[in-house]
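> My questions concern the predicted model and sequence given below.
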Amino acid sequence: MYVHLTQGNEVYDSTTKAVISLYEGKTTRDDFEAVFQNFYHEDASFNDPIVSVKGVANVRTQFYSLRQLFTSHEITSKPVVTAGAMDKNTLSIEMTAQFTVLGLLPIRLKQITRINLCPNTARIIAHRDMWCLPDSLLEYPIIGTAYQLAKLGFGAYTTALCRLIQPTMPARKKLE
């Protein structure tokens, strides 16, 4: 189901499965409710590039809205999980999720989900999704081409601006 990069334990494994189930779109209503009842702290927060909410009821609403906004949503890559690498109360899940609008337009997002567990209860206290939008934009020919051209233009502009500010670069010293 997913690849664990560290030695997981029961808390990491069950929490990872619960979080991943929210993105799969196949979870029954009862299983969906159980995820929030069993794994999320009552003061949990959720953040992504466009939404920020606090409180488990609000987090639940955000994930429930995926069912309302998209005709389908699923994980299209095997999630890679890093548990406790920097902090024993943190999980990091890297995956690609696909959301389909009106059954026509699939939107694929590469994302990293960072989960912070409450040290006292081992429940999710913070859930943060970070999207890799440039990679997602490149999948659409017109948007991807426009993005690449804008990037080249911005690179040329900032280089020219930097040269105006500092017209000559200091010479590199020869190594002996």
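Good, I have the coordinates.
> where along this structure do the helices fall?
With DSSP state H as the criterion, the chain has helices at 10-24, 29-39, 56-69, 133-137, 141-165.
> As a markdown table, the ones you listed with mean neighbour count, distance to Pro119 and mean pLDDT would be great.
Backbone N, C-alpha and C define where each C-beta goes, glycine included. Shown next, in a markdown table, are the helices of the chain (neighbours: other C-beta atoms under 10 Å; distance: least, C-beta to C-beta, whole Å; pLDDT from 0 to 100):
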| stretch | mean neighbour count | distance to Pro119 | mean pLDDT |
| --- | --- | --- | --- |
| helix 10-24 | 18 | 11 | 88 |
| helix 29-39 | 14 | 15 | 93 |
| helix 56-69 | 15 | 18 | 88 |
| helix 133-137 | 14 | 32 | 66 |
| helix 141-165 | 10 | 41 | 76 |
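> Out of these, which is closest to Arg114?
Each of the helices of the chain was checked against Arg114 via C-beta to C-beta, and the shortest separation belongs to helix 10-24, namely 10.4 Å.
> Please list the outside residues in contact with that closest one.
Counting by C-beta atoms under 8 Å, 6 or more residues apart in numbering, helix 10-24 makes contact with 1-2, 4, 8, 27, 31-32, 35, 38-39, 63, 66, 73-75, 79, 81, 83-84, 91, 93, 95, 97, 113, 115, 117, 122, 124, 127, all of which sit outside it.
> Who's the closest spatial neighbour of Leu117, skipping the chain neighbours?
Excluding the flanking residues, the one nearest Leu117 by C-beta to C-beta, 6 or more residues apart in numbering is Asn89, at 4.4 Å.
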